[in-house]
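Chemist: below is the structure, and that's it, no one-letter string:
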């Protein structure tokens, strides 16, 4: 392209120099009308040639470069808008997933609470049952111990009563008599205890 530009600009330069030289032949201190016309005509011709050259060869290159730049900018804007739309949809997806995860976590917490309450209720019922059984066993054990203590007291009382009675009667009461007295005393005490 450089040789092409030189081929075009060289004749322009020659024409401009020739026009100036033609006008300069008759140049004096003050330009005449004829000298001014040739200078004006030369300037117009040079301007027209330069304008034609620029319009034919340079302006299409500049125009093509501007169009390519405009297209590139348009493509980049479209790509940016597309990326922005993808970012928006990704953000919406993230927020939707986050909301679902929160709902799932809340569901799990609610389920864990209900399971915990069920376990607590079950353990309480079990403890109440065991406590009731322990109370019943304790009552039975107390009743057995009470009867044993009463029997022992009755036995001791009958021995003591027999001993006192034998001293009073001055005779010794036999084993059979003693057992019979103990049974009678126990029956009487049990009858009194039930009332």
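Modeler: Thanks, I have the structure now. Fair warning: this is a prediction, and the values are worked out from it, not measured in the lab.

Chemist: alpha carbons only for contacts and neighbour counts from here, please
Modeler: Fine.

Chemist: remind me which residues of the protein are low pLDDT?
Modeler: Counting by pLDDT under 70, the ranges of the chain that qualify are 1-31, 157-173, 192-195.

Chemist: residue ranges for the helices of it, please.
Modeler: Counting by DSSP state H, the chain has these helices, from start to end: 2-25, 33-53, 59-169, 175-194.

Chemist: redo the ones you listed as a markdown table? Include mean neighbour count.
Modeler: A markdown table is the format used below for those (neighbours: other CA atoms under 10 Å):
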| stretch | mean neighbour count |
| --- | --- |
| helix 2-25 | 13 |
| helix 33-53 | 14 |
| helix 59-169 | 13 |
| helix 175-194 | 13 |
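
Chemist: look up how far residue 90 lies from the most centrally placed residue in the chain.
Modeler: Closest to where the C-alpha atoms of the chain average out (CA atoms, centre = their mean) is residue 98, at 5.5 Å. Relative to residue 90, residue 98 is positioned 12 Å away (CA to CA, to the nearest Å).

Chemist: and this protein, what are its domains?
Modeler: Listed domain ranges for the chain are 2-96, 137-194 (source: automatic domain parsing).

Chemist: pretty sure residue 186 is touching residue 152, no?
Modeler: No: in this structure, residue 186 is not within contact of residue 152 by CA atoms under 8 Å, at 10.2 Å.
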